[in-house]
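Trainee: sequence and predicted structure are below.
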Amino acid sequence: MVLTVAATTSAQRRTGSQSNAVDLLITGGAVVTMDGERHLYENGFVAVRGGRIVAVGEASPRTAQAYPAKQVIDARGKVVLPGLINTHTHIPMTLFRGISDDLNLQDWLTKYIFPAEAKNVTREFVVAGTRLGLAEMIRGGTTTYVDMYYFEDAIAEETKKAGVRAVLGETVIDFPVPDNKTWEAAMVYTENFVKRWKGDPLIVAAVAPHALYTVKTEHLNEARALAEKYDAPLVTHLAEAPTETEYAEKNYQVRPVAYLEKIGFLSPRVIGAHVVHVNDEEIAILKRREVGVGHCPQSNMKLASGTSPIPQMLKAGVRVGLGTDGAASNNDLNMWEEMDSAAKLHKLVSKDPTVVSAREALEMATMGGARAIHLEREIGSLEAGKRADLILVDLNAAHLTPMYNLYSHLVYAVKASDVSDTIVNGRVLMRQRRLLTIDEETVKAKAREYQRQVSRSLKEGGQ
């Protein structure tokens with residue numbers, strides 16, 4: 001599941017050597033590395049070759065000569081930082097944006113989402129929703145996302161074409177769903193999906209049992225075994241709402257985390273979405289098993305699912321990243337809003353303005369997200385040897401003037417629309433706010449067609 005990081009050779013480090021030629025040189029902006037020492041270069045540079053970062057540091061008049069580049073991006077007036085990592089999405093659900101709001105989780109799921117999916121979700125629907133979500137994420141500076149939905153193989157194809165990095169989980173569940181009508185068919189589909197994308201530089205295929213209340217114990221064990229067979233991640237909803245805790249206690253006499261621990265499901269390959277209702281003992285289990293947590297503050301607030309004990313998790317050293325959830329329950333894929341919400345929510349709930357600082361919130365969206373999805377050796381920070389996933393944020397807007405503290409600015413003031421450039425694996429996906437790998441107008445037109453279709457289906461169903 002973890003790719004090998006190529007070491008930088010002594011020849012590559014020699015200033016002015018022809019071997020120092022690079023594909024891309026970004027220079028002149030403030031570089032926020034999010035590395036172990038949290039280096040910040042006020043006038044920095046990042047050099048990229050073959051999809052990886054080969055050098056990061058303070059720029060000088062000789063930087064361009066030291067790293068002759070095929071393409072140079074002038075980042076003056078901008079911030080260069082690691083691409084954002086969205087640790088939990090259902091990307092095709094952009095087409096259900098706003099379909100049903102102001103409901104609790106179970107009513108939202110059972111009365112609106114599941115019926116709407118049954119009537120509308122096809123492979124073509126998933127392709128259209130994925131393209132829309134990819135456009136939104138690239139515009140907002142998200143370079144890696146974790147997904148769980150149906151027809152995940154189609155999502156992988158579209159994600160690969162758009163040039164975005166992703167951990168993509170095919171959802172398996174105990175009742176008929178749009179892509180597979182039986183558990184057996186779903187497992188065959190999922191195994192083929194995982195085998196197809198094994199070793200891809202952008203796509204990590206995963207197994208995604210929906211939740212403990214929709215997948216019985218026998219099937220959770222089958223999903224775990226399949227993930228172990230192919231060394232693939234396991235993505236699941238975990239301890240999201242009080243109703244899930246009630247279900248686990250009624251049916252298994254233990255709480256959700258303890259139940260998954262009891263059946264041997266938890267391991268470093270697990271990425272648990274939400275993880276709201278956990279106590280200190282369960283936090284210790286998550287830490288011990290190295291489970292990744294996708295914290296979705298806005299979705300949790302909107303569905304009144306509760307407040308995850310993130311300050312306690314961070315203190316315990318749990319692998320915590322940020323996620324948006326699907327656009328049907330958020331209602332967007334904006335990681336900047338998640339950072340802002342995460343910092344403020346936990347200050348409010350704890351009545352302590354010092355918890356989840358701006359720097360910690362930014363870390364959850366970058367290096368913390370990489371740790372949560374067990375890819376910290378590859379992404380999450382700007383360091384030599386890592387994948388060249390990075391973004392540029394324009395600081396020229398009125399709402400970003402003046403600036404005193406860069407970390408506070410990035411979390412509390414920057415908007416998704418301030419992202420000017422998005423680069424994944426060394427490939428420029430957006431340059432000066434122009435998408436290069438997606439025809440946005442065509443994508444939006446198709447989304448509007450599906451909006452009319454979904455609206456008709458809801459009226460016919462009496463919703």
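Mentor: Structure's in. What do you need? As the structure is a computational prediction, the values presented were derived from the model and not from experiment.
Trainee: with adjacent residues omitted, what lies nearest to E282?
Mentor: V257 (3.9 Å; Cβ to Cβ, 6 or more residues apart in numbering). Yep, even glycine has a C-beta here, placed from its N, CA and C like the rest.
Trainee: no wait, P242
Mentor: P242 sits nearest to H277 (Cβ to Cβ, 6+ apart), 6.5 Å away.
Trainee: swap in V411?
Mentor: Nearest residue to V411, sequence neighbours excluded (Cβ to Cβ, 6+ apart): A358, at 4.0 Å.
Trainee: ok, that neighbour - how many residues close by?
Mentor: For A358, the neighbour count with other Cβ atoms under 10 Å is 19.
Trainee: just confirm the residue nearest to P242 contacts T243, I think it does.
Mentor: No. Using Cβ atoms under 8 Å, H277 is not in contact with T243; the gap is 9.8 Å.
Trainee: more neighbours, those two?
Mentor: Counted by other Cβ under 10 Å, H277 and T243 do not tie: H277 has more neighbours, with 24 against 15.
Trainee: from S305, how far out is the more buried one?
Mentor: If you measure H277 against S305 using Cβ to Cβ, to the nearest Å, the figure is 8 Å.
Trainee: overlap in contacts, those two.
Mentor: Common neighbours of H277 and S305 are listed as E240, A241, P242 (criterion: Cβ atoms under 8 Å, 6 or more residues apart in numbering).
Trainee: closest to M34 out of these?
Mentor: Using Cβ to Cβ, E240 is the member of the shared contacts of H277 and S305 that sits closest to M34, with 28.0 Å.
Trainee: for the residue nearest to that closest one when sequence neighbours are not counted, what are its contacts?
Mentor: Nearest non-adjacent residue to E240, counting by Cβ to Cβ, 6+ apart: H274, 3.9 Å away. Residues near H274 by Cβ under 8 Å, 6+ apart: 88, 237-240, 294-296, 299-300, 305, 308, 325.
Trainee: now, those residues that are in helices?
Mentor: S299, N300 (DSSP state H).
Trainee: quick check on the contacts of H274: which are buried?
Mentor: If you count burial by 16 or more other Cβ atoms under 10 Å, the buried members of the contacts of H274 come out as 88, 237-240, 294-296, 299-300, 305, 308, 325.
Trainee: now those residues as CSV including distance to P115 and pLDDT?
Mentor: Output for the buried ones among the contacts of H274, formatted as CSV (distance: Cβ to Cβ, whole Å; pLDDT from 0 to 100):
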residue, distance to P115, pLDDT
H88, 23, 98
H237, 19, 98
L238, 25, 98
A239, 26, 98
E240, 20, 96
G294, 26, 98
H295, 29, 98
C296, 23, 98
S299, 20, 95
N300, 23, 96
S305, 21, 93
S308, 29, 98
D325, 19, 97
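Trainee: re the thing from before, for A248, see how far away the residue nearest to E240 is.
Mentor: 14 Å.
Trainee: give me the buried positions along the strand or helix carrying I53.
Mentor: Assignment of secondary structure by DSSP states H and E places I53 within strand 52-58. By 16+ other Cβ under 10 Å, the buried positions in strand 52-58 come out as R52, I53, V54, A55, V56.
Trainee: ok, so of the residues you listed, who is nearest F125?
Mentor: Checking the buried residues of strand 52-58 against F125 by Cβ to Cβ gives R52 as the nearest, at 35.9 Å.
Trainee: so the residue nearest to V411 sits right up against V414, yeah?
Mentor: No. If you go by Cβ under 8 Å, A358 and V414 don't touch, sitting 10.7 Å apart.
Trainee: of all the buried residues of strand 52-58, which comes closest to V164?
Mentor: R52 (17.1 Å).
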